[in-house]
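>>> I'll drop the sequence and a predicted model, then ask my questions.
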Amino acid sequence: MNLSRYVLRTVAFGVLYLLATVAGLATTASVSGVRVLWPAAVAGALWLVAQARFGRRNLDVIALSVLAVLAPGQSHDFLSSVVQAVPQVVPALLFAWLFDRWLPGYWLGHGDRFRRTGPALARVAGAAAVAALAGAVLQKVVDTDLAAVEVGYLFLRDATAVLLGVLVVRSVRRRPPSFSTPPPSDPPSTGRPGLTLVK
């Protein structure tokens, strides 16, 4: 794969992740700091899934981890920022790993004609649910003040968001290209081939 293309895509996903983090911080939060929406969970999961074909997931995980530590809203203490980044990175990595194992080629549309929609959707939902559960549990470990209701909301929020994010991107990518109107053809020649009419 082209290294320059990989780098550009990684930078683009990094910017998307930071923008998603800022957008999530702009939403309402509970007393414990649980946000109503957290688009960064979707951005991180899509990042690791979409970059899988380059075969450099370890570098993507490192890049995602660095951004999760340095992202806005993290603690000024570096160690605390690293701990808080764990519930952001681990679910994204877990989802990408399960996604590749349970639905190989699904992201690129390979084998879609032989794949039934129901089981495929169930596997995507299962991978999103397992990843979201891991994220909610890790968030509870990091922040012991979270109530059980908030942990449950974290699970439902991220599982639903990641599932919808994958389905939306897949539907956009599978949309057939729009056919543009063909350019106007040249007017028919009035002379014989090889001859030029002179007035």
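Sure thing, it's come through. Numbering: from 1, shown residues only.

>>> Spatially central, which residue of this structure would that be?
Among the residues of the chain, the one closest to the centroid is residue 46, at 1.7 Å (CA atoms, centre = their mean).

>>> wait, it sits on residue 170?
No. In this structure residue 46 lies outside contact range of residue 170 using CB atoms under 8 Å: 10.5 Å. The way it works is simple: take the backbone N, C-alpha and C, and place the C-beta from them, glycine included.

>>> Skipping adjacent residues, who's closest to residue 50 in space?
Leaving out its chain neighbours, the residue that sits closest to residue 50 by CB to CB, 6 or more residues apart in numbering is residue 107, at 6.8 Å.

>>> Counting neighbours, what do you get for that neighbour?
19 (other CB atoms under 10 Å).

>>> and what of residue 59?
The burial count for residue 59: 14, using other CB under 10 Å.

>>> Report the next helix or strand after the helix or strand encompassing it in sequence order.
Using DSSP states H and E, residue 59 maps to helix 57-70. Sequence-wise, the next helix or strand downstream of helix 57-70 (DSSP H and E) is helix 78-102.

>>> Find me the pLDDT at residue 106, would you?
Residue 106 is assigned a predicted lDDT (pLDDT) of 87.

>>> residue ranges of the helices in the chain, please?
Ranges of helices within the chain are 3-25, 39-50, 57-70, 78-102, 117-142, 148-174, based on DSSP state H.
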